[in-house]
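>>> sequence unknown, structure follows:
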């Protein structure tokens, strides 16, 4: 790190009662001059990361999904000039971030302005290509090839009817053609009725029912439960579900636990499915085979801003981690998407994070990425920091920050052709294969349309 000329800058003071946190940021010039030392190419040029497998292995009601009729990213009305708002305890009240010159972030805001704008020249939702371009022919239902993949869902017994509605759509539009297995997770035993109804709908596809181990679900031993409860009581007026322990457990499990469950051991790919979500378009190709053939790590279809209070210390914690693991940063990453300041209030509250993220209630992922040594180390660092319980770090921003820094941005795919709705947001393509949604619509409520971050993604990554 001696080659790095760090410039000390002060991040916005969150309040006069909070300790100023400062980090050293690389100047744009120094970033490029020291690329060979600060950011090293990965040993696996195809994957962009090594694939070492790590086998890591209260409230007794899980939160299941995020599929309630609310926007979990909306912050309940608050007055930031109110003394009670700024004097309430936060995670920042309990920690001090390292301010040594080793805390050199992977980039700074000035660099985000220097990237070429890769935005598509035409509206992606009105193009006439209804399927993605592929380096190999797309795999069709008539082909015999299948990859090691599953549709997975973390779901409660009482969500059965909502799940069946979503399953029916996925089966009709995709899985009746390809017959990939379903894996259902719950921290309680599934009822026989749940098993019978889902198995009947999925047939002939296999269904597996997994009760999550207590050691994987409940708070780890290093979490101070009293502190977590105190902080949750302060957040509950600002961030939805922050006062629900089961929701925090769900976020942690989805962030770093599920992919090492024994039920996932023989799989390479997963498609996350949540109850009460809607699918609007026929999918006539194997999405898993497409991801594998085109060297993709992750697929999404909604990209939006997060509630900054829920991740107020996620970025400083990330900075600390990567200061000691600079070789984990991919030289062609989408970091500019993470650190642009299009929402300056978000950027200030989070001390440098745009809060843009992939909405993970729909995601198709390469399990080797999440099982890699790099991601495992990152998750363990976040887990020890406690933000899953002391704040409300979600799996969506955690996945997004990791992907935005640790993989080649070309390996992240926008599934614009998969029409989708998780209340209140939509993705809908202008295609004869889609029905029941409005092409290009993001939200029906005007005030929510500003939550869309896809244009910022396009600027950095283009339309992959």
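Right, received. Where do you want to start? Owing to the predicted nature of the structure, the values given are computational and were not obtained by experimental measurement. Numbers count the residues shown, from 1 in each chain.
>>> all contacts plus neighbour counts: C-alpha atoms, from now on.
Will do.
>>> now stretch 384-402: buried residues?
Residues of stretch 384-402 classed as buried by neighbour count (16 or more other C-alpha atoms under 10 Å): 385-402.
>>> what about residue 147, distance to residue 199?
21 Å (C-alpha to C-alpha, to the nearest Å).
>>> tell me which residue is most central in this protein.
What sits nearest the mean C-alpha location of the chain, by C-alpha atoms, centre = their mean, is residue 396, with 2.5 Å.
>>> name the SS class of that one, please.
helix (DSSP: H, G, I helix; E, B strand; the rest coil).
>>> burial of the residue lying closest to it once chain neighbours are set aside, as a residue count?
In this structure, residue 396 finds its nearest non-sequential neighbour in residue 360, 5.0 Å apart by C-alpha to C-alpha, 6 or more residues apart in numbering. Number of residues near residue 360 (other C-alpha atoms under 10 Å) recorded here: 24.
>>> wait, residue 360 touches residue 300, no?
Yes. The criterion here is C-alpha atoms under 8 Å, and residue 360 meets it with residue 300 at 7.4 Å.
>>> ok so, going back, dump the residue contacts of the residue nearest to residue 396.
272, 300, 395-396 (C-alpha atoms under 8 Å, 6 or more residues apart in numbering).
>>> over to residue 421?
Neighbours of residue 421 in contact, by C-alpha under 8 Å, 6+ apart: 277-279, 427.
>>> where does pLDDT dip in the protein?
1-114, 128-129, 234, 236-238 (pLDDT under 70).
>>> so which residues of the stretch 301-450 of the chain form helices?
314-323, 335-339, 344-349, 367-371, 373-385, 387-390, 395-406 (DSSP state H, counting those that start in this stretch).
>>> looking at these, which is closest to residue 195?
Closest approach to residue 195 among those (C-alpha to C-alpha): helix 367-371, 25.7 Å.
>>> how distant is that closest one from the center of its chain?
14 Å (C-alpha atoms, centre = their mean, to the nearest Å).
>>> try stretch 201-220
On C-alpha atoms, centre = their mean, the centre of stretch 201-220 falls 20 Å from that of its chain.
>>> what does that stretch contact?
Taking C-alpha under 8 Å, 6+ apart as the rule, stretch 201-220 contacts 57-58, 164, 167-168, 171, 179-190, 195, 198-199, 249-250, 253, 257, 263.
>>> inside strands: which ones of those?
Those of those mapping onto strands are 181-186, per DSSP state E.
>>> ranking those residues by neighbours, who comes first?
residue 182 (23 neighbours).
>>> got a list of what that residue touches?
Residue 182 neighbours (C-alpha under 8 Å, 6+ apart): 150-153, 202, 205-208.
>>> quick check: the farthest pair among these?
Going by C-alpha to C-alpha, the pair spanning the contacts of residue 182 furthest: 153 and 205, at 14.9 Å.
>>> my read: residue 362 touches residue 273, true?
Yes. Counting by C-alpha under 8 Å, residue 362 touches residue 273, with 6.2 Å between them.
>>> before we move on, the earlier item: what is the nearest of the contacts of residue 360 to residue 127?
Using C-alpha to C-alpha, those come closest to residue 127 at residue 300, 18.3 Å.
>>> okay, now that closest one: neighbour count?
20.
>>> what of residue 179?
Residue 179: 17 neighbours (other C-alpha under 10 Å).
>>> use 13 as the first number from now on
Understood, numbering begins at 13; the last thing we discussed is residue 191.
>>> and it, what is it in contact with?
Contacts of residue 191 (C-alpha under 8 Å, 6+ apart): 216-217.
>>> how about residue 300?
159, 161, 281, 376 are the contacts of residue 300 under C-alpha under 8 Å, 6+ apart.
>>> for the third one, phi and psi?
Looking back up the chat, that one is residue 281. Here is the backbone geometry of residue 281 (degrees, to the nearest 10): phi -140, psi 150.
>>> same question, residue 284
Per degrees, to the nearest 10, the backbone of residue 284 is at phi -80, psi 130.
>>> what do you get for residue 431?
Torsion angles, degrees, to the nearest 10, at residue 431: phi -70, psi 140.
>>> which parts of the strand or helix carrying residue 243 are buried?
Assigned by DSSP states H and E, residue 243 falls within helix 237-247. For helix 237-247, a neighbour-count test (16+ other C-alpha under 10 Å) marks 237, 239-241, 243-244, 246-247 as buried.
>>> what of stretch 217-231?
217, 219, 221-222, 224, 228-231.
>>> possible to save those residues as JSON lines with distance to residue 342?
Listed next are these as JSON lines, based on distance: C-alpha to C-alpha, whole Å:
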{"residue": "217", "distance to residue 342": "38"}
{"residue": "219", "distance to residue 342": "37"}
{"residue": "221", "distance to residue 342": "37"}
{"residue": "222", "distance to residue 342": "35"}
{"residue": "224", "distance to residue 342": "33"}
{"residue": "228", "distance to residue 342": "30"}
{"residue": "229", "distance to residue 342": "31"}
{"residue": "230", "distance to residue 342": "33"}
{"residue": "231", "distance to residue 342": "32"}
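>>> would a markdown table of these with distance to residue 331 and secondary structure be doable?
Converted to a markdown table, the buried residues of stretch 217-231 look like this (distance: C-alpha to C-alpha, whole Å; DSSP: H, G, I helix; E, B strand; the rest coil):
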| residue | distance to residue 331 | secondary structure |
| --- | --- | --- |
| 217 | 43 | coil |
| 219 | 41 | strand |
| 221 | 38 | strand |
| 222 | 35 | strand |
| 224 | 32 | coil |
| 228 | 26 | helix |
| 229 | 27 | helix |
| 230 | 27 | coil |
| 231 | 24 | coil |
